[in-house]
Structure formats: C-alpha cells, structure tokens
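> Could you work out the structure for the sequence below:
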Amino acid sequence: MKRKLRMAMVGGGPGAFIGDVHRKAARMDGKIEIVAGAFDIDSAKSKQMGEELNLDPSRVYSDYKEMLANEASLPADERIDFVAITTPINWHFPIAKASLKTGFNVMCEKPMTMTADEAVELEKIVEASGKTFGLMHTYSGYPMVKLAKDLVKQGEIGKVRKVVVRYAQGWLAKAIEKEGQAQASWRIDPKQSGAAGCIGDIGTHAANLAEYITGSKITDICADLTSFVDGRMLDDDGNCLLKMENGIKGILNSSQISIGEENGLKIWIYGTEGALEWYQEHPNQLLVKKIDKATEIWSRGNEYVGARSEAAARNSRVPAGHPEGYLEAFANHYANFADTILAKEAGETPDEVMLNFPDVADGVDGMIFIEKVVENSQSDQKWTKL
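The predicted structure follows:
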C-alpha cells in the first residue's frame, strides 16, 4: 500500500482564504497529511494555526528557513515530502527555490513568481533538482475542462478558429484595500504582487485555460489595462486580443470591478465544425454545439464522458448528478501531483494522465504573459510577441 505524503505549508495562517482551500483539497483523497508549517510571519499566528490543525508544536515554525532546515534534519520516514506555498506572490520564488534546493517537492500558488526572469531561473532549478513542481492553476482541474481538452484533440469541433475567455469579478469595485481588507491589500500592492493586479490574479487563469483546452500557446497580444479605482496602483480591469498557435485568434477579458459578478470564468471554443462552452459557476456541464443541430449538454460523471476522456473520468469522484466543484478541482491537482511523486519514488514513470496538472513550464508561460500584457498596454505598439 502506498503511503501518505507529508505536507508542510508556508502561508495560510488564521483568516487566510487560499491556504484553507489548499489544506482541505490536499486532504480530500487521503493521499496527503499536513504535518508541519510556517503559517504566518507573526510567530504567534503561526502557532495558533498549528494548534487549530492539531500539529506537533515542534513542527510549527516561525519562518520557512527554520522549517526547511529542521525538516531536512529529520529521518527520511518522518520529514516532509513537499512544501505548499500559499503566501503573497513576492514570497513564492525564494520559498520555492529554497525548498527545491533543500530536496523537497513544491506545490505553489500562481502567479509563480514576481518576474519572468525569476520564473525562468526557477524552471532551471526544478530541472536540476529532479523534484516535482506543481502550480495551482485551479481551473484545468475540473473534469469537464479536461473533457473539453480531449474533445478538441479528438477533432470533435474540427479545427479551432477562435477562443473567447472572460473572467469577471466585482469584489474590487470599491477601494476596500483602504478599509484594511487583507485579501485586497496585498493584491493591489506592486511590492507584493509585481507588475500586474487583475491580469496577474485572474487574467493568468483565463490565459492558462485557453492554452490548456486548445493545446495552442498564445504568441502575440494586444492589451489595454486600466485602474478604474482612484489611487489604485495596479490594474483592476484588462482586455486583450490574442494570436495563438495554429492560426487561432482570441479575446480575453479579466475584470475585478464588474459589479454583480462573483467568479464569472467562462470560455467559448469555436471550431470549423462546432463549438464548446464551459462556465465555472456551473462546472459539471460542458455545452457541445454543432451546425444546424440542437445544443448538447454533457454532464460530469456519465459513462459517455469517461469514454471520451480518461482524464475526466480519473478526476471525477461521485456519480452524475452529485455536483463537484472548486475544492475538488484543487484536489484533482493535488491527487495527480501526489501520485506523480509516489510513482517516481517507486522508480516508475508517471503516465500522461497522472501528469495532468500545471507545472513550472505553465508558470513561465504565465509570467511572460503578464509582463508582455503590461508592456503592450503601456506602449503605442499594437501587437507584442510573447
């Protein structure tokens, strides 16, 4: 019987949203247990989080450097297997670099780094380390997104011509960062988030989704970024025209000032013979459209889905009609990440379906996308090559 992987978390202290999501998702399939962490730069808060998680106090640390040093000194059957990084973006690179160099696998929140140069350097470190690196681009974890990818690959809608992807939220329509809202404060701070706000926070998800489903990379962008809220240093709305490999054209919109929108990620893929449509707020259905035919609604968990997509079947836990959503998408990435680590440990080669989670290369693509979108938006140039 394969053992459980031992996980440590950096970030995700009391009141943190995304850290709590990672913890719930990582434990969902019984493949991972949380045994250690440096949860907050305030040691008292880190200790508080450790107590809430019922961890051994000796493995709750004041900072990640202390954690890595101590964990590395433990016997192999006790020390952590990987580090999950759920801090603000400015900490991603140094923590990931130190973790890999200490000999630990890494699961990291996105965007992966502050700059593209850091991303390229981290990619080299991952390759040299031989360790497994996962990047939490959540939305490719949904079974029906995996189905969409496989249907495109199988030619279900013919040759892809156009992609339209929109990610709309409304939670930053007002300057809530001035009211001390912690999630807003670091996201609009260039020192913690880098060169981009909305386009980095959620626009990268939209770009990753377009590339994942089509199997084609974005090659050129024409972008317009705006900070609508007075005094906000980073963009809160972005609109991009895309050129992609294989002659595909695209439109990408990301917005966090669209009042009334909650987490409105939606994508349309248009081909020569049909189209696909997926909406994150209704994630268990994929719309399949054909010329002069009624729209088909394909539902997660059915045998006909598994017959067309092994990845969709692998990443479904319950029968059709029992909804799976956001936490399960995170969990799918964690499960595939864990199985990959365990396969390598056993001297086996992870198969393609097991490796179906975002990695360091996706992180490099994301950082290049962010920098080129910002560059293009600030210039008079119509198109900028990625």
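> ok, the most centrally placed residue in the chain - contacts?
Centroid-nearest residue in the chain, with C-alpha atoms, centre = their mean: His137, separated by 1.4 Å. His137 sits next to Lys110, Thr204, His205, Asn208, Leu209, Tyr212, Pro358, Asp362, Gly366 when contact means C-beta atoms under 8 Å, 6 or more residues apart in numbering. In this view, the C-beta of every residue, glycine as well, is placed from N, C-alpha and C.
> do the same with Ile89
So Ile89 contacts Glu109, Pro111, Thr113, Met114, Gln192, Ser193, Gly194, Gly200 (C-beta under 8 Å, 6+ apart).
> So for it, what's the pLDDT?
pLDDT recorded at Ile89 is 97.
> Next: Asp351.
Looking at Asp351, the pLDDT reads 94.
> quick one on the thing from earlier: drop anything exposed from the contacts of Ile89.
Buried members of the contacts of Ile89, counted by 16 or more other C-beta atoms under 10 Å: Glu109, Pro111, Thr113, Met114, Ser193, Gly194, Gly200.
> Worst mean pLDDT across the helices and strands of the chain, which element?
helix 182-187 (a mean of 92; mean pLDDT, DSSP states H and E).
> buried ones in it?
Ala184, Arg187.
> which is the next helix or strand following it?
Under the assignment DSSP states H and E, the closest C-terminal helix or strand after helix 182-187 is helix 190-193.
> tell me what that following helix is packed against?
helix 182-187 (3 or more C-beta pairs under 8 Å, 6 or more residues apart in numbering; DSSP states H and E).
> Helices of the protein, start to end?
17-27, 43-52, 64-73, 92-102, 116-129, 143-153, 182-187, 190-193, 198, 204-214, 303-308, 310-314, 326-345, 360-377 (DSSP state H).
> If you average pLDDT over each of those helices, which is lowest?
Among those, helix 182-187 scores lowest, at a mean of 92.
> List the contacts of it.
Gly15, Phe17, Pro88, Trp171, Leu172, Ile176, Glu177, Gln192, Ser193, Gly197, Asp201, Leu234.
> do that again at 7 Å, thanks
Here helix 182-187 makes contact (C-beta atoms under 7 Å, 6 or more residues apart in numbering) with Gly15, Phe17, Pro88, Leu172, Ile176, Glu177, Gln192, Ser193, Gly197, Asp201.
> that older thread, quick check: closest non-adjacent residue to the residue nearest to the centre of the chain.
Pro358 (4.1 Å; C-beta to C-beta, 6 or more residues apart in numbering).
> Pull the number of nearby residues for the one you found.
Using other C-beta atoms under 10 Å, Pro358 has 26 neighbouring residues.
> same question, Ala207
Ala207 has 29 nearby residues by other C-beta under 10 Å.
> repeat for Gln381
Using other C-beta under 10 Å: Gln381 sits among 10 other residues.
> what pLDDT does it get?
95.
> just to revisit the earlier point, and the residue nearest to His137, how far from Ile125?
To Ile125, Pro358 is 17 Å away according to C-beta to C-beta, to the nearest Å.
> what separates the closest residue to Ile199 other than its chain neighbours from Ala196, distance-wise?
The spatially closest residue to Ile199, leaving aside those adjacent along the chain, is Gly238, at 4.2 Å (C-beta to C-beta, 6+ apart). Separation of Gly238 from Ala196 (C-beta to C-beta) stands at 8 Å.
> Give me the common contacts of those two.
Joint contacts of Gly238 and Ala196 (C-beta under 7 Å, 6+ apart) are Val373.
> can you give me the strands for the stretch 201-350 of the chain?
Taking DSSP state E, counting those that start in this stretch, the strands of the stretch 201-350 of the chain run over residues 218-226, 237-244, 249-255, 264-271, 274-279, 285-290, 296-299.
> what pairs with the shortest one, and is each one parallel or antiparallel?
Strand 296-299 has its sheet partners listed here by DSSP bridges as strand 285-290 (antiparallel).
> and for the partner strand, what are the contacting residues?
Contacts for strand 285-290 (C-beta under 7 Å, 6+ apart): 144, 147-148, 273-278, 295-299.
> out of the residues you listed, which are buried?
For those, buried by 16+ other C-beta under 10 Å: Met144, Leu147, Ala148, Gly274, Ala275, Leu276, Glu277, Trp278, Trp298.
> And those residues, which two are furthest apart?
Met144 and Gly274 (15.8 Å; C-beta to C-beta).
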